[in-house]
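Colleague: Build me a structure from this.
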Amino acid sequence: MLDRVITAVREVAHKEIIPRYLQVERIYKADGSFCTEADLAAQGSLLERLYEISPVAMIGEEMPESQQLEQWEAGQEGIWSIDPIDGTSNFMNGLPYFAVSVALMRGGRSVLGVVYNPATDEMFYAEQGKGAFLNGKALPLSRRKIPLNKAIANVDFKRLNRKLAVEIVAKPPYSSQRNYGTCTLEWCYTAAGYFDLYLHGGQKPWDYAAGCLILEEAGGHRCTLEEDDYWASYPWRRSVIGALDHDLFIQWRDWIRARLPDTGSAR
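Modeller: Sure thing, here's the model as predicted:
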C-alpha cells in the first residue's frame, strides 16, 4: 500500500501541481484563507487514486467544513487525510517550500504517512512500526546532543498564546529560529534532524497526520501544549511541541509550559 500511495502522490504532484507553479491565481475561501486551481485539481485526483487503494472515508483541506466533519465522524475504522498543497502561499509566490501530504488514519491515529515536496523531490514516508525515510534513506539523517540554548527551532507564532509568543520573542531559549510556512514539511524537517525543536499553536488533521507519524517513526517526540498524550487532544486544533532528541524535548516542553497562562496543570 505504501508504494502505491507514494506513486500516486508523485504522479499527481507532477501532473496537477508543478505545471501550475507560479501560473495560478488565488481563490479566496469563506474563512479568508485561499487556495488555487492546483489545490483543487490535486485534491480531486488524490481522492480518486486513494479510493482505489483503500475505499475508506476521506478528508481534504479544500472540502467544505461540513463534509470534513461528516467524513471524520464516519472514518474511525479508516480515513485518508489529505492536504493537496500545504504551503499554498509559498507555491503561488515561487518559494520552494510546499508539499503534498497524505495519511491513512485508523481510530484517530496515523498508520501511514507520505509528504512530498515536488519542487525539491523530497519524498518523506513512514508506516507504523517500520521506521521513517527520505528518498530511501532512514531518518533521522543526523542526530546530535546539544543544550537548549544551542538549538535551532521552527516556531509558528500565529496561533500561539500571546503571552507565550511575547516571551519567546523577548527571551528565546534557543539559538536560532525558522518558520517555513508549511506544517507538513516542518514535521519532516524535524524528523530528519534539520531542526532541533518544533512549536505550533494549532493544526488541522491534514497538517499533522502524516508528519506526526514520520517524526514518531524517526524516533522523535511530541506532545501538545496541554497534553502529554498527543493523540488525546482536540483533533481540529492540535498544537505541537516537538523535538528529535528526548532530553531536548523535555527541556523544550517544560520551558514552554512554564510560560503558559495558568489554566490548570498539563496532563
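Colleague: What is the end-to-end distance of stretch 95-102?
Modeller: 21 Å (Cα to Cα, to the nearest Å).
Colleague: what comes up buried for that stretch?
Modeller: For stretch 95-102, the neighbour count (16 or more other Cβ atoms under 10 Å) marks Tyr97, Phe98, Ala99, Val100, Ser101, Val102 as buried. Where you see a C-beta, it was placed from the backbone N, CA and C, and this is true even at glycine.
Colleague: Next: stretch 15-33.
Modeller: Glu16, Ile17, Arg20, Val24.
Colleague: Pretty sure Ser45 is one of the things the first one touches, is it not?
Modeller: Yes. The pair Glu16 and Ser45 passes the contact test of Cβ atoms under 8 Å, sitting 5.6 Å apart.
Colleague: quick one: buried residues of the helix or strand hosting Val114?
Modeller: Assigned by DSSP states H and E, Val114 belongs to strand 109-117. Going by neighbour count (16+ other Cβ under 10 Å), the buried part of strand 109-117 is Ser110, Val111, Leu112, Gly113, Val114, Val115, Tyr116, Asn117.
Colleague: ok, now which ones touch the closest residue to the second one other than its chain neighbours?
Modeller: Read it as Val111. In space, and not counting its chain neighbours, Val111 is closest to Gln128: 4.4 Å by Cβ to Cβ, 6 or more residues apart in numbering. Applying Cβ atoms under 8 Å, 6 or more residues apart in numbering to Gln128 gives the contacts Ser110, Val111, Leu112, Leu213, Glu217.
Colleague: For my notes, please list the buried residues of stretch 15-33 in CSV and give secondary structure for each entry.
Modeller: Shown next, in CSV, are those (DSSP: H, G, I helix; E, B strand; the rest coil):
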residue, secondary structure
Glu16, helix
Ile17, helix
Arg20, helix
Val24, coil
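Colleague: can you list the residues you listed in JSON lines and add pLDDT and distance to Lys204?
Modeller: Formatted as JSON lines, the buried residues of stretch 15-33 follow (pLDDT from 0 to 100; distance: Cβ to Cβ, whole Å):
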{"residue": "Glu16", "pLDDT": "97", "distance to Lys204": "21"}
{"residue": "Ile17", "pLDDT": "96", "distance to Lys204": "20"}
{"residue": "Arg20", "pLDDT": "92", "distance to Lys204": "23"}
{"residue": "Val24", "pLDDT": "79", "distance to Lys204": "22"}
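Colleague: element containing the nearest residue to Gly211 once chain neighbours are set aside?
Modeller: Leaving aside its sequence neighbours, Gly211 sits nearest to Trp187 (Cβ to Cβ, 6+ apart; 2.5 Å). Element membership for Trp187, per DSSP H and E: helix 183-192.
Colleague: can you give me how far that helix is from the chain middle?
Modeller: How far helix 183-192 lies from its chain's middle: 7 Å, per Cα atoms, centre = their mean, to the nearest Å.
Colleague: Mind listing what's buried along the helix or strand just after that helix?
Modeller: Using DSSP H and E, the next helix or strand after helix 183-192 towards the C-terminus is strand 197-203. Of the residues in strand 197-203, Leu197, Tyr198, Leu199, His200, Gly201, Gly202, Gln203 count as buried by neighbour count, 16+ other Cβ under 10 Å.
Colleague: what pLDDT, on average, does the helix or strand harbouring Leu69 get?
Modeller: For Leu69, the host element (DSSP H and E) is helix 65-74. On average, the pLDDT along helix 65-74 is 93.
Colleague: The chain should start at 436 in everything you say after this.
Modeller: Will do, 436 is the new start, and the previous item becomes helix 500-509.
Colleague: Just list what whichever helix or strand comes after it packs against, helices and strands only.
Modeller: Proceeding N to C from helix 500-509, the next assigned helix or strand is strand 514-521, under DSSP H and E. Using 3 or more Cβ pairs under 8 Å, 6 or more residues apart in numbering; DSSP states H and E, the elements in contact with strand 514-521 are helix 472-488, strand 492-495, strand 534-541, helix 618-627, helix 640-652.
Colleague: how about these, which one is nearest Ala567?
Modeller: helix 640-652 (3.8 Å; Cβ to Cβ).
Colleague: from what I can see Asp556 touches Gly571, true?
Modeller: No. The criterion here is Cβ under 8 Å, and Asp556 misses it with Gly571 at 12.0 Å.
Colleague: Cheers, nothing more for now.
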